[in-house]
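In: Make a model of this:
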Amino acid sequence: MRKIGGWLVWGLLILSLAACSFLTDKSKTEPGQNQPGQEKAEKRAPLTGLATDAPDHPVLMVMVNNHRAARPQTGLGLADVVVEMLAEGEITRFAAFYHSRTEGTVGPVRSVRNYYLDLAEGSKSIVVHAGGETEALARIRREGLPSLDGIHADSRFFTRVPFRKPPHNLYTDLNQLYKAAEEKGYQPLPPRAAYLFSDRAAAEKGKNAGRIQLIYHPLYQAGYQYDDASKSYIRYTEGERQVDRESNQPLSMQNVLVVFAKHEIIDSVGHRSVDVKGAGKGYLFQRGKAIPVEWRYRDGWIVPFSGGKEVPLLPGRTWVNVLPQTGKVSFE
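Out: Reported below is the predicted structural model:
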């Protein structure tokens with residue numbers, strides 16, 4: 001009986017160890033699963049840093065008219081990033097980058113210039129435009145840059161509206177543009193994150209900048225006013241608050257980046273070259289404050305740095321103002 005009892009004790013001990021091993025193996029985390037107590041990483045939109053559940057798709061870079069006869073525009077407030085540069089004369093043009101939003105009217109659409117293609121090429125954006133200067137169109141063909149041309153091959157995805165005179169009356173729709181991109185076989189490659197993002201304003205210890213004034217040209221000024229209630233800047237053009245034509249809502253953004261770049265007139269028509277692939281000085285404005293920065297070109301984006309380190313942006317919309325070296329910025 002003692003011998004049988006001993007074997008019984010050993011048997012129960014072995015069963016107990018096996019059960020513990022089984023429970024331990026079942027509790028192990030499988031590859032690709034979260035560790036206990038660890039939250040799944042939240043997907044962030046690459047151009048805004050905001051949480052998103054949207055599937056991967058291309059970025060659209062839409063050339064938006066800023067002529068006096070084209071204001072107020074439609075759809076600029078839907079863009080994740082807007083870059084403003086001089087075209088001919090004293091008038092600027094917007095390169096509006098759309099990724100977070102896939103529906104909504106945008107326009108008036110205008111022609112593209114070669115230096116805007118430096119932004120589109122680096123960021124792998126689809127260029128949405130109404131024709132363009134000779135060199136820009138030749139480069140699109142030569143380099144095979146993805147594009148949707150509203151006055152040539154892709155006009156069926158654009159509309160001429162009756163309430164404006166040409167050439168300021170060409171409009172399109174983001175949903176239609178994405179359908180066009182799919183039809184033409186443009187791959188839905190997600191862009192890498194354009195910037196670093198942080199909920200803490202990098203400029204919080206900077207100088208007061210509740211009001212910003214920019215002089216691109218003696219005949220053209222733009223500006224921003226900080227709105228503490230919405231914690232965003234409100235855009236002004238030629239002293240007037242800029243609103244969306246359809247919603248009548250003011251154009252607002254969380255980050256305003258102002259940089260200086262080399263500009264040069266290259267022909268008798270007044271076409272320019274703008275060195276967006278270079279580097280230079282500038283200012284970053286966030287939450288009513290300003291800090292001096294240096295800017296660099298990276299993958300099509302104009303990125304702020306300070307002390308050799310990249311300066312993070314606040315999650316949200318960003319407007320980038322590329323001024324000529326003769327331009328001026330003031331703030332208070």
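In: Which SSE is immediately downstream of the worst-scoring helix or strand of the chain on mean pLDDT?
Out: The helix or strand of the chain with the poorest confidence is helix 2-27; it has a mean of 41 (mean pLDDT, DSSP states H and E). Next in sequence after helix 2-27, counting helices and strands by DSSP states H and E, comes strand 60-64.
In: ok, residues contacting the helix or strand that that following strand is followed by?
Out: Where DSSP H and E defines the elements, the next helix or strand beyond strand 60-64 is strand 81-86. Among residues not part of strand 81-86, those counted as contacts by C-beta atoms under 8 Å, 6 or more residues apart in numbering are 47, 66, 76, 92-97, 115-116, 119, 194, 216-217, 220, 222, 253, 263, 272, 274, 276, 301-302, 317-322, 324. Glycine gets a C-beta too; all of them are placed from N, C-alpha and C.
In: Quickly list what the most centrally placed residue in the chain is bridged to.
Out: For the chain, the residue sitting closest to the mean C-alpha position, by C-alpha atoms, centre = their mean, is V81 at 3.1 Å. With DSSP bridges as the criterion, V81 is bridged to F97, T318.
In: Could I get the pLDDT score of it?
Out: pLDDT for V81: 98.
In: any idea how far it is from S247?
Out: Using C-beta to C-beta, to the nearest Å, one obtains 20 Å as the distance from V81 to S247.
In: can you check P324 too?
Out: 32 Å.
In: one step back: please indicate which of the contacts of strand 81-86 are buried?
Out: In the contacts of strand 81-86, burial by neighbour count holds for 47, 66, 76, 92-97, 115-116, 119, 194, 216, 220, 222, 253, 263, 272, 274, 276, 301-302, 317-322, 324, counting by 16 or more other C-beta atoms under 10 Å.
In: Which of those fall within strands?
Out: Using DSSP state E, the subset of the buried ones among the contacts of strand 81-86 located in strands is 92-97, 216, 220, 222, 253, 263, 272, 274, 301-302, 318-322, 324.
In: list the helices and strands the helix or strand hosting E182 packs on?
Out: E182 is located in helix 174-183, with elements delineated by DSSP H and E. Judged by 3 or more C-beta pairs under 8 Å, 6 or more residues apart in numbering; DSSP states H and E, the packing partners of helix 174-183 are strand 60-64, strand 126-129, strand 147-149.
In: Ok, which of the ones you listed comes nearest L137?
Out: strand 147-149 (8.2 Å; C-beta to C-beta).
In: after the closest one, next one along is what?
Out: Moving on from strand 147-149 towards the C-terminus, the next helix or strand you reach (DSSP H and E) is strand 158-160.
In: What ranges in the stretch 1-150 of the chain fall below the confidence cut-off?
Out: Within the stretch 1-150 of the chain, the set of residues satisfying pLDDT under 70 comprises 1-41.
In: Can you spell out the domain ranges of the chain, please?
Out: Structural domains of the chain, as assigned by automatic domain parsing, span the residue ranges 60-183, 207-331.
In: Turn the ones you listed into JSON lines, including distance to A54.
Out: Written out in JSON lines, the entries for the domains of the chain read as follows (distance: least, C-beta to C-beta, whole Å):
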{"stretch": "domain 60-183", "distance to A54": "7"}
{"stretch": "domain 207-331", "distance to A54": "15"}
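In: what's the closest of these to E42?
Out: Relative to E42, the nearest member of the domains of the chain by C-beta to C-beta is domain 207-331, separated by 11.5 Å.
In: mean confidence for the closest one?
Out: Average pLDDT, domain 207-331: 96.
In: Report the contact partners of E332.
Out: Neighbours of E332 in contact, by C-beta under 8 Å, 6+ apart: 208-211.
In: Repeat the analysis, applying 6 Å as the threshold.
Out: When contacts are counted by C-beta atoms under 6 Å, 6 or more residues apart in numbering, E332 is found next to R211.
In: do you know how far it is from V259?
Out: Applying C-beta to C-beta to E332 and V259 gives a distance of 20 Å.
In: Please enumerate the helices of the stretch 101-250 of the chain.
Out: Along the stretch 101-250 of the chain, the stretches classed as helices by DSSP state H, counting those that start in this stretch are 114-123, 134-143, 174-183.
In: which of those sits most buried?
Out: Ranked by mean neighbour count under mean count of other C-beta atoms under 10 Å, these are led by helix 114-123, which reaches a mean of 22.
In: Pull it out as CSV, backbone CA atoms only.
Out: These are the backbone C-alpha positions of helix 114-123, laid out as CSV (Å, rounded to 0.1, in the frame of the first residue of the first chain):
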residue,chain,number,x,y,z
ASN,A,114,7.7,73.4,-62.4
TYR,A,115,8.6,74.1,-58.8
TYR,A,116,5.3,72.8,-57.5
LEU,A,117,6.3,69.5,-59.1
ASP,A,118,9.2,69.3,-56.8
LEU,A,119,6.7,69.0,-53.9
ALA,A,120,4.5,66.5,-55.7
GLU,A,121,7.4,64.3,-56.9
GLY,A,122,9.0,64.1,-53.5
SER,A,123,5.7,63.3,-51.7
